[in-house]
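# need coordinates for the following:
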Amino acid sequence: MSEDEYARRGIDLDKPNAARVYDYILGGQLNYAVDRMFAEQVLAAQPNARERARLNRQWLRRAIRFGLDQGIRQFLDIGSGMPTVGHVHEVAQSVDPKARVVYVDNEPVAVAHSEIVLEDNENAAMVHADAEFPDDVLEHDITEMMLDLDQPVMVVMALFVHFIPDERDPARLIAAYRDALAPGSYLALSSATYEQQSDDTARAVAMYQKSANPVTPRSADELRALVDGFEIVDPGIVFIPEWRPEDPAEMPPDPTECGGLALVARKN
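Below you'll find the model as predicted:
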């Protein structure tokens, strides 16, 4: 997207943006000098941040394929950022072109980019809403048009819930989405963690605490409490690359260095 297009949409290019920073770390081109500067600071504090982002993206693809194997053909991606290469709609629609995907984000840059990327895709759309208000997402015209909540849906929260501190009650938030889902639906969730982490993680978290997007890493027990009412599927809550790896080459020598935990859970 050109700077003129950003300006036309009223998007601030003077401050680092979480979606663009993540795009840069993943090796994308949808970022600017201010994003790259902040990202390089993160990389200096946490040299393996790129590998962590790559491992989370691989997990996301595996989780989506798992959902497809269970017959899921509807996906709701909460806090999606910008759907770049290998994102939910590409994975799902490579298996079934009729699979429907709704992305949700409240950052104007993510919404603007997504609307352009998805312009010619009749089975994928972006909802501009704050995911912390589930009714605004679930009752949005686009969501109601694209998804049939009387049928199973996979809700994706990839590296989303760690941006919600305890005082904003993430358990209540997840429960609200759970209660709106049909039986047989799934939740795919990944989150930063402090479990078995080095000082690099603490330094990176400290940087984000000073940003507009502070991070709250959580333990496996804390994540288990957040998904109460779902049945966690095998292999349970594990470090991100340990969740159903498909290729031994994807498994790093030390899975704990990914810095995050992942799970997929079913609503019965």
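# got the contact list for stretch 194-209?
Applying Cβ atoms under 8 Å, 6 or more residues apart in numbering, the external contacts of stretch 194-209 come out as 41-42, 45-49, 192, 214-215, 217, 219-220, 256-257, 259, 261. C-betas here are computed from N, CA, C, even on glycine.
# check stretch 168-184 too.
By Cβ under 8 Å, 6+ apart, stretch 168-184 touches 70-71, 76, 78, 131-132, 134-135, 138, 149-153, 155, 157, 161, 164, 187, 225-230, 266-268.
# which PyMOL command selects the buried ones in those?
The following PyMOL command selects only the buried members of the contacts of stretch 168-184, with burial defined by 16 or more other Cβ atoms under 10 Å:
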select buried, resi 76+78+131+132+134+138+152+153+155+157+161+164+187+226+227+230+266+267
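# among the contacts of stretch 168-184, name the ones in strands.
When strands are assigned by DSSP state E, the members of those inside them are Leu76, Ile78, Val155, Met157, Leu187, Arg266.
# coming back round to it: buried among the contacts of stretch 194-209? Make that a PyMOL selection.
Provided next is the PyMOL selection string for whichever of those are buried by 16+ other Cβ under 10 Å:
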select buried, resi 42+45+46+48+49+192+215+217+220+256+257+259+261
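# okay, and which of the contacts of stretch 194-209 map to helices?
Where these overlap with helices, as defined by DSSP state H, the overlap consists of Gln41, Val42, Ala45, Ala49, Ala220.
# looking at the residues you listed, spot the one nearest Asp96.
Distance from Asp96 was checked for each of the ones in helices among the contacts of stretch 194-209 by Cβ to Cβ. The minimum falls on Ala220, at 32.5 Å.
# list the contacts of the residue nearest to that closest one when sequence neighbours are not counted.
Nearest-residue entry for Ala220: Ile237, 4.3 Å, with adjacent residues in sequence omitted and distances by Cβ to Cβ, 6 or more residues apart in numbering. Taking Cβ under 8 Å, 6+ apart as the criterion, Ile237 is in contact with Ala220, Leu223, Arg224, Leu261, Ala262, Leu263.
# which one of those residues is nearest Val95?
Of all the contacts of Ile237, the one sitting nearest Val95 is Ala262; the distance, using Cβ to Cβ, is 20.6 Å.
# and that closest one, what are its bridge partners?
Beta-bridge partners for Ala262, by DSSP bridges, are Ser190, Val238.
# that one reaches Trp59, doesn't it?
Yes. With contact defined as Cβ atoms under 8 Å, Ala262 and Trp59 form a contacting pair (5.2 Å).
# list residues touching both of the two?
Residues touching both Ala262 and Trp59 by Cβ under 8 Å, 6+ apart: Ser190, Ile240, Trp243.
# A helix includes Arg172, no?
Yes. In this structure, Arg172 lies within a helix as judged by DSSP: H, G, I helix; E, B strand; the rest coil.
# what's around it, how many residues?
Other residues lying near Arg172 total 11 when counted by other Cβ atoms under 10 Å.
# how near is it to Pro241?
Remark: distance between Arg172 and Pro241 (Cβ to Cβ, to the nearest Å) = 30 Å.
# gap between the residue nearest to the spatial centre of the chain and Tyr177?
Relative to the mean C-alpha position of the chain, the nearest C-alpha, by Cα atoms, centre = their mean, is the one of Ala158, at 2.6 Å. Distance, Ala158 to Tyr177, using Cβ to Cβ: 14 Å.
# would you list the contacts of Ile237 in CSV and tack on pLDDT and distance to Asn31?
Formatted as CSV, these follow (pLDDT from 0 to 100; distance: Cβ to Cβ, whole Å):
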residue, pLDDT, distance to Asn31
Ala220, 98, 32
Leu223, 98, 30
Arg224, 98, 35
Leu261, 98, 27
Ala262, 98, 25
Leu263, 98, 30
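# which among the residues you listed gets closest to Glu115?
With Cβ to Cβ as the yardstick, the closest approach to Glu115 among these comes from Ala262, at 28.7 Å.
# who's in contact with that closest one?
In this structure, Ala262 makes contact with Asn56, Trp59, Ala63, Ala188, Leu189, Ser190, Ser191, Ile237, Val238, Phe239, Ile240, Trp243, judged by Cβ under 8 Å, 6+ apart.
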